[in-house]
Each structure stands twice: as C-alpha cells, then as structure tokens.
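**Q** A predicted structure for the sequence below; I have some questions about it.
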Amino acid sequence: MRRCFSTLTKTEIHPWFITGFVDAEGCFNIIVSKTKSELGWRVQARFIIDLHLNDLDLLYKIQSYFGGVGSINISQTRQSVKYSVVGINDIINIIIPHFEKYSLQSKKLIDYNSWKNCVNIIQDRKHLTSEGLNKIVSYKAIMNLKLSEQLNSAFPDLIKLERPLHSLNNNPLDPYWISGFVTGDGSFYVLINKIKNQVNPRISVNQSIIDKDLILKIKENFKISPGNVYVSEKNGNAEWKVFKLSDLIYLITHF
C-alpha cells in the first residue's frame, strides 16, 4: 500500500541527523534491467530507506525534510515501510545537494560517489548509449551490492574499476550525525541477571569491521570517551559498548 506525502507530517529535523541516519539505514542503488528498447537495457537510480513499520512517522519526517519528494510504501505483510526517490530531477536537485553539503561519514560514501557518477551519466542521457551503459555497469560493479549473475554474463568485457578506499577526515563528528547514526544502528537494552540480582543497562553500536575507525571516532567524539570498542576479526565486526553507569548517565545528556 502506498501512502502519499501529507503536509500534516511536517516536522523540522536536523540535516546532520538525516545524514547520520542514512549512513546507518540508507541505500544508493542503481537498477539495470532488461527491456525491449533498442539498447536492450533500462537504467534507474534510486535513493531508498527501508525500515520497520514502527518507524513510519520518522520516514514521513525525512520525506518532509526533502520537500515531500518521493513516495512511501507500506507493506503490512512484511511489517515494513520504504521511502524511495527515483525521479531523476528530484535526485539531482534535492537528494544530491543535501549529501554534498552534509557528507556521509561511513564507507557508504564510496557507494554514494559511484551512484552520483551514474546519476550524472543519466542526466546527460548517455545511459542511452552503449558506452554510457557500460560505464554505469562498471560503477555498479564496485558498489556494495555488486553485479547479479545476469549482468556479469551480459557485460563480460567491462572496464574493471578499483573500489576506492575510504578514509575518515579529521573533522569532529556533528552531534546530530551521531544521534542519527545511533538511531539507525544503535541499541539501548538491559541485561538482567536474576542469580546475582543485577540489572545492567547498556548502549551498543555494531558495524562491519570496515567501519572500525568510524566506531572509534564516535567513541572519541565524546569528551570522556565512554565505553570500549571491541573488534572481532572472526565475526568481521566492530562494536562500541557502554555499560559503566557513569558513562551511561553522561551519554543520556547527549541523547
């Protein structure tokens, strides 16, 4: 079921919160699908945030921030909601300018830059040529979702691009970015030990080990550097855990 944007949902939300949340939950996607056109392929750029149904109100706030562009689709079966922007003019005039001003901080920036290159090709209508289409598929190949077997078979002679390395800048993280990121990928929970009669509240942010430096930067962004970062080579993740009561009380003042 699709629900259209409503002016009743307009609520101010900080730009850096948006970027932090997209770093955690957003997706920059390029769809290349078969069609009966002369070239044989259709290309579409998408900006997507896919969440649980409980977060519908947050998606409306995000849509409101972006001026109401895009659509929100609700699946009662999957208990999910998806915000999608596919209009090329909306992407060029609204979505990209936001992320150029409020830059992504995680490794998702690599996908965004490849996605933006594809959008530029589409804007120039070069995706309607074999050369432009091949460039788009080459960029898609180094993005997070990579190529399907169908595309690998259909484009065997692609120019191989190297996926760029991601390095953090030296600027401190904006507090609103941290709140947005933790809203997407953080956990606030309580462990109860009945035997020892203990109640242990905790905060956790878990990411791929590729973003270990970002997790460390989040921790160090707070003056007292609360909690610890645990890196597991075996599981391929890095987790910031905070369980000391004084640290938790300090973080409550932020959130």
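**A** In hand now; what should we look at?
**Q** How many residues are close by residue 218?
**A** 23 (other Cβ atoms under 10 Å). For glycine as for every other residue, the C-beta is placed from the backbone atoms N, C-alpha and C.
**Q** To clarify, my last question referred to residue 129.
**A** Residues near residue 129, counting by other Cβ under 10 Å, number 13.
**Q** For it, give me its contacts.
**A** The contact partners of residue 129, taken as Cβ atoms under 8 Å, 6 or more residues apart in numbering, are residue 39.
**Q** Ok, the one 10 residues further on next?
**A** Residues in contact with residue 139, defined by Cβ under 8 Å, 6+ apart, are 30, 114, 115, 117, 118, 161.
**Q** same thing with residue 19?
**A** 98, 99, 102, 103, 104, 105, 177, 180.
**Q** Confirm that the fourth one sits in a helix.
**A** No: the secondary structure assignment for residue 103 gives coil rather than a helix, going by DSSP: H, G, I helix; E, B strand; the rest coil.
**Q** now residue 172, nearest residue through space, not along the chain?
**A** Spatial nearest neighbour of residue 172, chain neighbours left out: residue 221 (5.9 Å); criterion: Cβ to Cβ, 6 or more residues apart in numbering.
**Q** Measure how buried that neighbour is and give me the count.
**A** With other Cβ under 10 Å as criterion, residue 221 counts 15.
**Q** what's it sitting at in phi/psi?
**A** phi -70, psi -20 (degrees, to the nearest 10).
**Q** any idea how far residue 26 is from it?
**A** 21 Å (Cβ to Cβ, to the nearest Å).
**Q** if we can go back for a sec, if we take the contacts of residue 19, which one ends up nearest to residue 40?
**A** residue 99 (31.5 Å; Cβ to Cβ).
**Q** Show the contacting residues for that closest one.
**A** By Cβ under 8 Å, 6+ apart, the neighbours of residue 99 are 19, 22, 112.
**Q** So which of those belong to helices?
**A** 19, 22, 112 (DSSP state H).
**Q** Among those residues, which one sits closest to residue 81?
**A** For these, the nearest to residue 81 is residue 22 (15.3 Å; Cβ to Cβ).
**Q** can you give me the strands in the stretch 1-150 of the chain?
**A** 2-3, 26-34, 41-52, 71-75, 80-85 (DSSP state E, counting those that start in this stretch).
**Q** tell me the most buried of those strands?
**A** Greatest average neighbour count among the strands of the stretch 1-150 of the chain goes to strand 80-85 (a mean of 20), per mean count of other Cβ atoms under 10 Å.
**Q** same question for that strand, mean pLDDT?
**A** Averaging pLDDT along strand 80-85 yields 97.
**Q** What helices and strands are in contact with it?
**A** Counting contacts by 3 or more Cβ pairs under 8 Å, 6 or more residues apart in numbering; DSSP states H and E, strand 80-85 packs against strand 41-52, helix 56-65, strand 71-75.
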